[in-house]
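1. take a look and give me a structure for this.
(2 chains)
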Amino acid sequence: MWRRIRRNWLTIACAITWIGQFGLLFVAPFCLILRYSVGVRDYYGGIQPGWSFDGWRDMFSPSVMQIALRSVGMSLLTVALCVLVGTPVAVTVWRASGRMRALLSLALVLPLAINGILVAYAWQAILGNQGWINRSLQAVGLIDSSVELLFNQATVSLGLFGAYLAYFVLTVFLSLERIDPGMLTASSSLGATSSQTFWWVIVPLARPGLVAGTLLVFLPCVGEYVVPDLLGGGKVFLLGNYTKFAFYEGRNWPLGSALLTALTGLLLLFVVPAAYRLRGAFFPEGKR
Amino acid sequence: MDRLTLSGKAVTFRRVSKRLNHKFEMSGIDFRVAAGEFLTVLGPSGSGKSTLLGFVGGWVTPDRGTIEIGDVIFNDVPVRERPVRTCFQKGGFLFPHMTVQQNVGYSLKAKGIKRRRRHDLTKELLSSVGLSGIGSRRVADLSGGEAQRVAIARAIADPQPVLLLDEIETGLDTGLKKTIRQLLLDVSAERGCTVIYVTHDSAEALALASRKHSRVAVINDGKIEQVANPEVLYSNPTSSFVAAFTGEANLLSVTSAYADVVTTQGGNSFPMPKCEGEIRFLLLRPEWLLLHAESNACIPLRGRVSSVEYLGSRTRVFVDVNGDCLQVFARPDSQMGVGDELVLGVLPEKVVGLAR
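-> Next up is the predicted model:
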């Protein structure tokens, strides 16, 4: 027993650290939130002693459900845009060679180095009333006064798409990198056209990356609050910024907590089966 | 049936060269594979065998020279439009996400053949390679030999005039090698296609080529050393590399060649053999050396046994002849011991002179 512990001390230490941080940073706050969601609302913010299901009842009200639906809908739209635009981009970088490939790979990673809030403010600088587009259009004389481009659902969609595209492309690219180029030669030597090779060989072999990329975009997108706040201007409510609204301006902690609990549950519903299916997809040595 | 009436096309390399990296270059590839021929390409690993196939298959483009298939230049024709099928090395690049049947039927699907007909054809193909009933298995669950046979079945599913086979016997045990070899011979005879078969195993190359009465091309360091029948290759190699690579060889360095006499490093003299160019090596195959030379026609070589290796069917004896070490084969029951003195004999016409 002791010898076993001595021999595997590193593994055990890692496990303890992991369990510790998981408990401290996830389980404990989650329990707290769970308790808040069935607490009594304090109208000045915070929770009063006692039990109540008002938070959950508020959450299932039609207006919040509408926000939830909009949230899921916009996340799905973002995923769709990422798949449509990101996949060809990833394939292009993957097929490139030499210096071009190095440059394009850099271009894949670079957007991840820029903070999301900064990107949202950049959108404001481009789309705002005094932004580049408005000023250019005015300078050319196409419009007399500035047109409001910001603070609508379309802008929020665009912002979400811009914020998550890089994650998607990178994930798909890494998965493409694992495909042996010999497979493509084999396919075309068997008489397949390039589109046949794409659909019959590349897409199925890159599926782990496509699934992981989809989740990596969809999950944080549902809970995203920076983009809808900054680009929606308090007019476009999604689950993320609505939760924040519930805690701050709404001073409804039970509702905010219920929303958080529900969101976490919803995301787990997606993550668990996906993690199960993807097990070993990126590390085939560990498979079976 | 329609797919049996197929005739091979000749493949011609005309002064093909290609620089692959700063160290390796293919150069002066210039030979012709006749229509319907079964050409074996023999060479050590890294000699450019697979690149040679790449020229024909289209995934390697030559820097200079032309590749002709059936008298048409194919240099710029994309891979998928070439009348070529390939069985790739190392598991043949089977598609891991497809079943065996889907793999075999891939070229048929690309061609637009309907599912039902494809199903029948792949079933037939799988049984012809001795793998009936595994059509629905995943590629990952196949053994090495099964995967190799599936790769062959995939390559001949929609037969083309030229079939390229890259190291398909590597990693298989002897029994399977035999099965696959027979399968290949059957396929090439039945389909009549031109086959270019690449291997690094000289025994395999000689055996296959002699079965087909066809030629072997020996390749080394990006250059074709010799293209010849197995018998010629073995008894009349044009270089020391071919001599050593095709079988057991005693190669003696020549130090001087005057008039009709050549002298080796050890100081032994031999009558000058025929040789194109300046003679640099003498080749004496072990089995050409006679242990108890009776005939007066033989050149006598007096020496001492330096070591003996028992190989089962025969015994390898190393004989030190004035500093030239020669290996000879003796019967396994011969009582040969280290230090024994003996006289080896070799017929003068058997001695081969090599210029490089």
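2. strands of the stretch 151-288 of chain A, start to end?
-> Using DSSP state E, counting those that start in this stretch, no strands are found in the stretch 151-288 of chain A.
3. where does it have low pLDDT?
-> A:279-288 (pLDDT under 70).
4. could you redo the last one with a cut-off of 50?
-> Under the criterion pLDDT under 50, the flagged ranges of the stretch 151-288 of chain A are A:284-288.
5. for it, which residues are neighbours of chain B?
-> Counting by Cβ under 8 Å from any Cβ of the partner chain, the residues of the stretch 151-288 of chain A close to chain B are A:180, A:182-183, A:185-193, A:196, A:200-201, A:204-205, A:207. Bear in mind the C-beta positions are built from the backbone N, C-alpha and C, glycine included.
6. are any of the residues you listed buried, and if so which?
-> The neighbour count (16 or more other Cβ atoms under 10 Å in any protein chain shown) marks A:182-183, A:185-192, A:196, A:200-201, A:205, A:207 as buried among these.
7. among those, which are in helices?
-> Those of those mapping onto helices are A:182-183, A:185-189, A:196, A:205, A:207, per DSSP state H.
8. tell me the one of the residues you listed nearest A:Ile143?
-> Nearest to A:Ile143, judged by Cβ to Cβ, of those is A:Arg207 at 46.4 Å.
9. residue contacts, the closest one?
-> Listed by Cβ atoms under 8 Å, 6 or more residues apart in numbering or on different chains, the contact set of A:Arg207 reads A:175, B:97.
10. confirm B:Tyr234 sits in a strand?
-> No: counting by DSSP: H, G, I helix; E, B strand; the rest coil, B:Tyr234 falls outside a strand, being helix.
11. if I look at it, how far off is B:Lys223?
-> According to Cβ to Cβ, to the nearest Å, B:Tyr234 and B:Lys223 sit 20 Å apart.
12. ok, now B:Arg115?
-> Remark: distance between B:Arg115 and B:Lys223 (Cβ to Cβ) = 48 Å.
13. neighbour-wise, which of those two wins?
-> Per other Cβ atoms under 10 Å in any protein chain shown, whichever of B:Arg115 and B:Lys223 has more neighbours is B:Lys223, with 18 against 10.
14. the more buried one contacts B:Ser27, doesn't it?
-> Yes: proximity of B:Lys223 to B:Ser27 meets the contact threshold set by Cβ atoms under 8 Å, at 6.1 Å.
15. what does chain B have sitting close to chain A?
-> B:57-59, B:78-80, B:82, B:84-86, B:88, B:92-93, B:95-98, B:106-107, B:109-111, B:154, B:158.
16. in strands only, show me those residues.
-> Within the residues of chain B next to chain A, residues falling in strands by DSSP state E are B:84-86.
17. which among those end up buried?
-> Buried subset of those (neighbour count, 16+ other Cβ under 10 Å): B:84-86.
18. buried ones from the residues of chain B next to chain A, can you make that a ChimeraX selection?
-> Command for ChimeraX that selects the buried part of these, burial taken from 16+ other Cβ under 10 Å:
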select /B:57,58,59,79,80,82,84,85,86,88,92,93,95,96,97,98,106,107,109,110,154,158
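19. and B:Leu233, how far from B:Ala217?
-> Distance of B:Leu233 to B:Ala217, given as Cβ to Cβ: 9 Å.
20. mind listing the shared neighbours of those two?
-> Counting by Cβ under 8 Å, 6+ apart, the residues touching both B:Leu233 and B:Ala217 are B:Gln226.
21. and the strands in the stretch 101-250 of chain B?
-> Under DSSP E, counting those that start in this stretch, the stretch 101-250 of chain B gives strands at B:162-166, B:194-199, B:216-220, B:223-228, B:250-258.
22. put together CSV for those, with mean pLDDT and distance to A:Thr87 on each row.
-> Shown next, in CSV, are these (pLDDT from 0 to 100; distance: least, Cβ to Cβ, whole Å):
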stretch, mean pLDDT, distance to A:Thr87
strand B:162-166, 91, 32
strand B:194-199, 91, 37
strand B:216-220, 93, 42
strand B:223-228, 92, 44
strand B:250-258, 84, 59
